[in-house]
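Colleague: pasted the sequence and its predicted model underneath.
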Amino acid sequence: MPERKIVIQRPAWTPFNMVAGIIVVIGLIITVIRFTKGLAATTNLSDYNPWGIWIGFDLLVGVALAAGGYVTSAACYIFGLKRFHSAVRPAILTGFLGYALVVLALHYDVGRPWRLPYPFIVQQGTTSLLFEVAACVALYLTVLFIEFTPAALEWLGLKRARSIVVKLTLVLTIFGVILSTLHQSSLGALFLIAPSKLHPLWYSPYLALYFFVSSIIAGLSMVIFEGSLAHKYFHDKMDAEHLREADGVALSFGKAASWVLAGYFIIKVIGIAQTDAWTYLGTGYGLWFLVELLGFVLLPCYFFAIGAREKNLTIVRRTAVWAVLGIVLNRFNVGLIAFNYHLPSSERYFPHWMEIGISVFVVTIGVLAYKFIVTHMPILYAHSDYESH
Amino acid sequence: MGDAIHTLHDFMFRTESITYLLVIVVLCGFVFFWRFLSERDDSRDHLGADRPEEHHH
């Protein structure tokens, strides 16, 4: 593809670059404050609220939205749906970046980054769910990195190394699905230790199952959402295969998301029945729960079904954004809003502006990394040396 | 099924009864949802997988 060798000089001072630059500079300043002055100077965390948006958003939402990697590679390599092949690399890339940023963001919350390997080499704490999450995230980040390397190796021209890594694809996919099943559910199970702190409508013995099933919805929706963004902003980078398969991927994933959302809705309702929490539905929290369940689970399920049935890409793509927002809302509800629901409002948590600043900084780093990689490496097109592979 | 719950048996009887009724509704609804999603599909089976292409010799 000689046309891809043409270098187009783009202006550096675009509005996007300037806004991103300002966010990065502010983020770096807050980073210095965080690691020199501590949590008290940069957060509103307290003994009542030890987990803020760095956990509720950066970690819980980040891990869920990065599920597109295992969902897409499982569909393609384990279930043999090869018509999704062109969606695998973009999904693996966003999964890898998502998990890398989760680990980056975790440093802000945990502090003392040099102690990151301590769970494995100093105090193993194997009975802790957090140990399991740490082990799975560390291993899965490694798996995603190896799965991503063929694109980087093609870019660097290292054919021999690339051929070795490509042979590991199926093993890595299976390993990735196992690890994702474990830690996606464990993130929900973390809250099982606090039945008195989490509102009964969100607390359930099935929390682990809810988190795992909703991560599949997040993964499917994010692949559709990223696909539509890539179609809009990186159209010139996409080859014929990607352009040909993009619509089919969106429609099929929309249909799958509709199924999973329906299942998720059912197990949520059964969860209420099992804990006999019906009476709480009449309260203020109950109304908010219904907003989440009906507005961000049942309605997206219906519109995904309509979009898939009518083969309407616009409906499917808009619903994907809606479903992603639903996952964000769910993680916020479990981690922040319905957590410590019994505390007086004066003791409730609201993030410090620097906490929000770091979350925006982390997302911006992700967008910039994605933009750099998609612009330079064969993510949305097949490298000319490997088109038949 | 009275309103008052005094024992674990009362609680289990109430919650499991409602769950069983919900599951029956879900299983019936599942068929309609399947048909709603899949009735306009032509070249693919109901699970969304490609049907094997016919070979013309």
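Modeller: Sure thing, it's come through. Numbering: from 1, shown residues only, chains lettered A, B, ... in the order given.
Colleague: now the strands for the chain?
Modeller: Since you didn't name a chain, this refers to chain A. Taking DSSP state E as the criterion, chain A contains no strands.
Colleague: in it, what helix or strand scores lowest on average pLDDT?
Modeller: When the helices and strands of chain A are scored by mean pLDDT, DSSP states H and E, helix A:118-121 comes last with a mean of 85.
Colleague: could you say what helices and strands that one packs with?
Modeller: helix A:129-156 (3 or more C-beta pairs under 8 Å, 6 or more residues apart in numbering or on different chains; DSSP states H and E). Yep, even glycine has a C-beta here, placed from its N, CA and C like the rest.
Colleague: got the buried residues for the helix it packs on?
Modeller: A:129, A:131-141, A:143-144, A:146-154 (16 or more other C-beta atoms under 10 Å in any protein chain shown).
Colleague: and for stretch A:87-94?
Modeller: Buried-residue list, stretch A:87-94, by 16+ other C-beta under 10 Å: A:87-94.
Colleague: show me what contacts the nearest residue to A:L179 once chain neighbours are set aside?
Modeller: Excluding the flanking residues, the one nearest A:L179 by C-beta to C-beta, 6 or more residues apart in numbering or on different chains is A:Y140, at 4.2 Å. Contacts for A:Y140 were tallied using C-beta atoms under 8 Å, 6 or more residues apart in numbering or on different chains; they are A:99, A:176, A:179-180, A:183.
Colleague: by neighbours, which of these wins?
Modeller: A:S180 (27 neighbours; other C-beta atoms under 10 Å in any protein chain shown).
Colleague: what distance do you get for that one to A:Y381?
Modeller: From A:S180 across to A:Y381, the span is 27 Å (C-beta to C-beta, to the nearest Å).
Colleague: same question for A:P344.
Modeller: To A:Y381, A:P344 is 56 Å away according to C-beta to C-beta.
Colleague: more neighbours: the two, which one.
Modeller: Neighbours per residue (other C-beta under 10 Å) separate A:P344 from A:Y381, with A:Y381 holding more: 22 against 6.
Colleague: doesn't A:H242 make contact with the more buried one?
Modeller: Yes - counting by C-beta atoms under 8 Å, A:Y381 touches A:H242, with 6.5 Å between them.
Colleague: how many neighbours does the closest residue to A:P300 other than its chain neighbours have?
Modeller: Once flanking residues are discounted, A:P300 sits nearest to A:A323: 4.4 Å by C-beta to C-beta, 6+ apart. Counted with other C-beta under 10 Å, residues neighbouring A:A323 total 30.
Colleague: do the same with the one 3 residues further on
Modeller: A:G326 has 26 neighbours, counted by other C-beta under 10 Å.
Colleague: surely it touches A:F303?
Modeller: No - if you go by C-beta under 8 Å, A:G326 and A:F303 don't touch, sitting 11.5 Å apart.
Colleague: residue contacts, the residue of the stretch 101-250 of chain A found nearest chain B?
Modeller: Using C-beta to the nearest C-beta, the closest approach of the stretch 101-250 of chain A to chain B is made by A:G248 at 10.0 Å. By C-beta under 8 Å, 6+ apart, the contact list for A:G248 reads A:R83.
Colleague: do A:G111 as well
Modeller: A:35, A:38-39.
Colleague: just the closest of those residues to A:G227, please.
Modeller: A:F35 (37.1 Å; C-beta to C-beta).
Colleague: quick check: the closest one vs A:S214, distance?
Modeller: 33 Å.
Colleague: quick one: neighbours of A:G80, just the number.
Modeller: Should you count by other C-beta under 10 Å, A:G80 turns out to have 10 residues around it.
Colleague: need phi/psi at it.
Modeller: The phi and psi torsions at A:G80 (degrees, to the nearest 10) take the values phi 70, psi 20.
Colleague: report pLDDT for it.
Modeller: Per-residue pLDDT puts A:G80 at 88.
Colleague: just give me the neighbour total for A:R115.
Modeller: 11.
Colleague: A:F79 too?
Modeller: Residues near A:F79, counting by other C-beta under 10 Å, number 12.
Colleague: ramachandran coordinates for it?
Modeller: According to degrees, to the nearest 10, A:F79 has phi -90, psi 0.
Colleague: let me see the contact set for A:S73.
Modeller: Counted by C-beta under 8 Å, 6+ apart, A:S73 has contacts A:88, A:91-92, A:147, A:173, A:176-177.
Colleague: let's see which of those end up in helices.
Modeller: Counting by DSSP state H, the part of those found in helices is A:88, A:91-92, A:147, A:173, A:176-177.
Colleague: now the residues you listed as TSV including distance to chain B and pLDDT?
Modeller: Listed next are the ones in helices among the contacts of A:S73 as TSV, based on distance: C-beta to the nearest C-beta, whole Å; pLDDT from 0 to 100:
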residue	distance to chain B	pLDDT
A:V88	17	91
A:A91	17	93
A:I92	21	93
A:E147	24	92
A:T173	18	92
A:G176	22	93
A:V177	18	93
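Colleague: which of these lies closest to A:S359?
Modeller: Nearest to A:S359 among those, with distances taken as C-beta to C-beta, is A:A91, at 22.8 Å.
Colleague: what number of residues lie near the residue nearest to the closest one when sequence neighbours are not counted?
Modeller: Nearest residue to A:A91, sequence neighbours excluded (C-beta to C-beta, 6+ apart): A:T72, at 3.8 Å. Residues lying near A:T72 (other C-beta under 10 Å) number 29.
Colleague: quick one, which of A:F35 and A:S214 is more surrounded?
Modeller: A:S214 (25 against 14).
Colleague: contacting residues for that one?
Modeller: A:64, A:264, A:327, A:330.
Colleague: and the gap between the first one and chain B?
Modeller: Put plainly, it is A:A64. 23 Å (C-beta to the nearest C-beta, to the nearest Å).
Colleague: A:L329 is in contact with that residue, correct?
Modeller: No - look at A:A64 against A:L329 with C-beta under 8 Å: they stay out of range, at 11.4 Å.
Colleague: of the two, who's got more company?
Modeller: A:A64 (26 against 18).
Colleague: pLDDT score assigned to the nearest residue to that one once chain neighbours are set aside?
Modeller: Closest residue in space to A:A64, ignoring its immediate chain neighbours: A:A218 at 4.2 Å, by C-beta to C-beta, 6+ apart. The model reports A:A218 with a pLDDT of 96.
Colleague: A:A218: how many residues sit nearby?
Modeller: Neighbour tally, A:A218, other C-beta under 10 Å: 30.
Colleague: you'd agree it is up against A:V324?
Modeller: Yes - counting by C-beta under 8 Å, A:A218 does reach A:V324; the two are 6.6 Å apart.
Colleague: residues in contact with both of these two, list them for me.
Modeller: By C-beta under 8 Å, 6+ apart, the residues touching both A:A218 and A:V324 are A:L65.
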